[in-house]
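Trainee: Fold the following.
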Amino acid sequence: MQQYAEKKFTIPELKGISAKNIEEHMKLYTGYVKNTNGILSQIAELTKDSEKNAYLLGELQRRFGFEFDGMRNHEYYFRSLEGGALQLESDSLLKTAIEKEWGSFDEWLTRFKAVAMTRGIGWAMLYYDRQEKRLVNAWIDEQHLGHLTGLSPVLALDMWEHAYVADYQPSGKKQYVEDFFANLNWSVIEANFKEADR
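Mentor: Numbering: from 1, shown residues only. Purely as a prediction, here's the structure:
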């Protein structure tokens with residue numbers, strides 16, 4: 001059976017987010033890759049007698065969504081921090097699309113940061129809806145509850161406590177969001193958008 005490969009990321013020194021926190025965070029990502037592959041192997045084995053193993057298969061299928069989305073969400077997140085902070089070009093296609101949807105970049109950013117401050121654990125996501133040719137902000141509970149069908153992630157901000165508590169404490173959630181954007185490599189986000197709009 002084909003396995004998902006763990007991706008490697010080279011994250012430079014970041015404002016506010018320590019190298020130690022990134023190192024520990026990447027260990028969680030490694031676990032998501034391992035668990036995704038392990039669950040797929042178990043499903044393949046249990047399916048040989050699917051009637052007998054119906055309950056286990058059902059629970060594994062539910063868990064697969066959590067582990068897989070945890071893997072993929074983190075790949076978007078870590079990739080966006082590679083290469084150092086780069087601003088979004090004023091003439092970029094993504095900026096034009098943001099302005100079309102929300103009127104201005106600053107209005108979108110205010111709304112996205114509000115999504116990120118949602119109480120609980122999860123992800124703030126900027127998606128692209130290819131069918132409607134528009135961008136959409138959304139909150140994802142945990143790793144997988146609330147992903148929007150058919151939409152492509154453009155930007156993923158991890159809002160689980162493990163992403164920020166070691167450096168910011170629970171009360172520093174808002175500063176973590178600010179620092180995430182200060183560290184963001186917008187050329188990666190632009191590339192995600194172009195890929196989604198192909």
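
Trainee: And the top helix by length along the chain, what does it pack against?
Mentor: Counting residues, the longest helix found in the chain (DSSP state H) is helix 19-46. If contacts are counted by 3 or more C-beta pairs under 8 Å, 6 or more residues apart in numbering; DSSP states H and E, helix 19-46 sits against helix 54-79, helix 165-168. From N, CA and C alone the C-beta is placed, and that goes for glycine too.

Trainee: Spatially central, which residue of this structure would that be?
Mentor: In the chain, the C-alpha closest to the average C-alpha coordinate belongs to Asn73, at a distance of 3.0 Å (C-alpha atoms, centre = their mean).

Trainee: contacting residues around that one?
Mentor: For Asn73, the contact set (C-beta atoms under 8 Å, 6 or more residues apart in numbering) comprises 123, 140, 143, 153, 156, 158.

Trainee: so which of those residues is the most crowded?
Mentor: Within the contacts of Asn73, most neighbours by other C-beta atoms under 10 Å means Trp123, with 30 neighbours.

Trainee: In its sheet, which strands sit next to whichever strand or helix holds it, and in what direction?
Mentor: Using DSSP states H and E, Trp123 sits in strand 122-129. Paired strands of strand 122-129, with direction, are strand 134-141 (antiparallel), strand 152-158 (antiparallel) (DSSP bridges).

Trainee: And the ones you listed: which comes nearest Leu14?
Mentor: strand 152-158 (13.3 Å; C-beta to C-beta).

Trainee: List of residues touching that closest one?
Mentor: By C-beta under 8 Å, 6+ apart, strand 152-158 touches 25, 72-74, 76-77, 80, 94, 112, 116, 123-128, 130, 135, 177, 180, 189, 192-193, 195-196.
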